[in-house]
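> Pasting a predicted model and its sequence here:
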Amino acid sequence: MPVVQPRHVLSGMLVNEAMRRQVVHLPAAASLAKGINHLLKLKVNALLIMDSDQRPAGVVSKTDLIGAFYAGLPIDAPLGDIMIGPPLTCFPDDAIESALDRMRGSGVHRLYVTGAEATTIIGTLSYTDVVALLYRYCRSCPKSTSRRTAAALPADEGGRLRVQEVMTSSVLSCTPDAALGQVIEGLMAHRFGALLICSRQGAAMGVISKTDLIRAYHQGVPLEAAADSVMTAPVVTWDQGAFLWEALQYMFLRDVQRLFVHAGDPLRIVGVLSLSDTAQVRSGSCRACLPSRFMTPG
């Protein structure tokens with residue numbers, strides 16, 4: 001009897017097809033303030049930290065920096081004091097699927113890609129890079145529904161993935177008067193990247209992301225400050241019934257890491273769509289790239 005073996009679009013793809021060749025690094029002696037400046041200016045989520053011999057020693061992410069904020073570390077403390085090491089790595093000829101498994105299993109959002117020598121870092125692989133590869137693949141696929149005009153789409157449009165099929169249905173929120181210390185506690189406890197600020201009636205008012213928090217840390221905002229003093233508004237929302245490819249297109253064009261999802265009313269949030277959610281699907285934006293291979297036992 002034939003055996004059905006699911007095959008995702010990423011099957012057979014290698015890390016070097018998706019990795020980013022820019023590596024942002026700083027010495028361990030550099031200050032937290034300098035690290036925040038680099039993260040904000042270059043729009044990255046983590047820094048590779050080098051030792052005095054210019055070898056990779058660890059990583060400092062936005063999560064590590066908000067932990068330093070919560071702990072009350074001075075902004076001029078060295079990055080080496082909060083780095084997590086050694087950095088997790090992969091090789092350019094590793095399968096992307098195995099790299100994704102390692103990221104998920106280790107609870108990290110990126111791997112550093114090593115060259116011929118283990119101490120030579122030649123790039124990074126993050127969830128964003130994987131989703132970008134999937135999106136490019138989907139756009140070039142002759143079966144992709146995202147390339148068709150509205151008139152050419154099938155009547156049922158059943159092949160296209162929708163936001164509600166990929167999103168995370170749990171949403172972390174707090175009131176505008178919650179202290180930043182409480183916000184940090186919530187984000188770290190749930191391992192979320194952003195928290196929704198809602199009125200006491202439950203209407204979405206704004207968002208506090210890790211970027212907002214490290215900016216507040218750099219500016220000397222106290223942990224006792226109210227959440228609405230540093231939140232970003234308005235909330236960028238998307239309907240749960242919308243097509244995934246439309247949401248991804250918006251996220252890439254606007255450089256947005258996540259969208260809060262509503263069910264008809266933009267003020268009533270029911271979920272979050274992040275790039276890491278999409279990467280875990282390991283597909284493009286429609287089911288055309290989810291074929292199955294029929295294998296006959298030998």
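Arrived safely. Numbers count the residues shown, from 1 in each chain.

> Under the pLDDT cut-off, which ranges of the stretch 101-250 of the chain? List them.
Along the stretch 101-250 of the chain, segments meeting pLDDT under 70 span 141-159.

> Go again with 50.
149-156 (pLDDT under 50).

> now the strands for it?
110-114, 121-126, 173-174, 194-198, 204-209, 237-239 (DSSP state E, counting those that start in this stretch).

> quick one, which of those is nearest to Ser140?
Nearest of these to Ser140, taken as C-beta to C-beta: strand 121-126 at 20.7 Å. In this view, the C-beta of every residue, glycine as well, is placed from N, C-alpha and C.

> between the closest one and strand 110-114, what angle do the directions make?
160 degrees (axes from the mean of the first three to the mean of the last three C-alpha atoms, to 10 degrees).

> Just put the strands of the stretch 101-250 of the chain in JSON lines and tack on mean neighbour count.
Written out in JSON lines, the entries for these read as follows (neighbours: other C-beta atoms under 10 Å):
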{"stretch": "strand 110-114", "mean neighbour count": "22"}
{"stretch": "strand 121-126", "mean neighbour count": "21"}
{"stretch": "strand 173-174", "mean neighbour count": "16"}
{"stretch": "strand 194-198", "mean neighbour count": "22"}
{"stretch": "strand 204-209", "mean neighbour count": "21"}
{"stretch": "strand 237-239", "mean neighbour count": "20"}
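
> Dump the ones you listed into TSV; add distance to Met103 as well.
What follows is the strands of the stretch 101-250 of the chain, written out as TSV (distance: least, C-beta to C-beta, whole Å):
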stretch	distance to Met103
strand 110-114	6
strand 121-126	8
strand 173-174	27
strand 194-198	19
strand 204-209	20
strand 237-239	25
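
> of these, which approaches Ala263 most closely?
strand 237-239 (7.4 Å).

> For Val130, grab the count of nearby residues.
The tally of other residues near Val130 (other C-beta atoms under 10 Å) stands at 27.

> got the contact list for the residue lying closest to it once chain neighbours are set aside?
Setting aside the residues directly before and after it, Val130 is nearest to Ala279 in space (C-beta to C-beta, 6 or more residues apart in numbering), at 4.5 Å. By C-beta atoms under 8 Å, 6 or more residues apart in numbering, the contact set of Ala279 is 100, 127, 130-131, 134.

> do that again at 10 Å, thanks
Listed by C-beta atoms under 10 Å, 6 or more residues apart in numbering, the contact set of Ala279 reads 10, 18, 96, 100, 103-104, 109, 126-134, 166.

> Now do the strand or helix carrying it, average pLDDT.
Here Ala279 is covered by helix 275-281, with elements defined by DSSP states H and E. Averaging the model's pLDDT scores along helix 275-281 yields 81.
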